[in-house]
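[1] test case, fold it:
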Amino acid sequence: MTPWPHTPQAFRFRCMGLRGGDQEDNFTTNPEEQRDAQILKDSIANPQAPLKIGQSLDDYASVEISKSGRFKYVLVQAKDSKGRVKHFVRGDIEHDYHVYCAKPLVDKLKDSGFETKVLGGGRMEHLPNQKILQIFGYSHSFGMEDKSITKDVCLRKFPGYYIETSESGY
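    Numbers count the residues shown, from 1 in each chain. Model (predicted):
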């Protein structure tokens, strides 16, 4: 896949899904994904594990995304017993649905006793050769998060990148 030239207009076209030819753009949701998302939401709403001694939110990487390409992502928030909050971004080109980007981290955080919440998600396009990360759209299962938080978390992981956000597109 050849990346488009980096211009605001090209980014808006990509967000609107006008690039064409990307099969992954056709995935939205299905009954199985919706069921799995509801199960995850219910498990978050009913935490049962006590905080494990010695566990810290800093034990978990803030950002884990695919090395390149266009993929779905989620923004997860976790809170420890002292009220400290940390945000996490997870995105993987191998997952067709947002719930499967969120589930591994949410399960680990919950099992360690942290309060967790999936704040929303969307899509990313990671262009590592150009040091560009584009964040856009929303998740049918979790809604749209505050893109400025996602951008800030990603900027700490990729300090030399140009990171662009848009609420448009899917």
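[2] C-alpha from now on. contacts and neighbour counts both.
    Will do.
[3] show me where the protein has helices.
    8-15, 31-45, 98-111, 147-157 (DSSP state H).
[4] give me whichever of those helices is most buried.
    Across those, averaging neighbours per residue (mean count of other CA atoms under 10 Å) puts helix 98-111 on top, at a mean of 21.
[5] the residue nearest the centre of the chain - nearest residue in space that isn't next to it in sequence?
    A centroid search over the chain (CA atoms, centre = their mean) returns residue 74, at 2.2 Å, as the residue closest to the centre. The shortest distance from residue 74 to any non-neighbouring residue, by CA to CA, 6 or more residues apart in numbering, is to residue 121 (4.0 Å).
[6] pull the contacting residues for that neighbour.
    Residue 121 makes contacts with 72-75, 98, 137-139, 142-145, as judged by CA atoms under 8 Å, 6 or more residues apart in numbering.
[7] show me the residues you listed that map onto strands.
    72-75 (DSSP state E).
[8] reformat the contacts of residue 121 as CSV; add distance to residue 127.
    Formatted as CSV, the contacts of residue 121 follow (distance: CA to CA, whole Å):
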residue, distance to residue 127
72, 15
73, 15
74, 18
75, 20
98, 20
137, 17
138, 20
139, 21
142, 25
143, 25
144, 22
145, 22
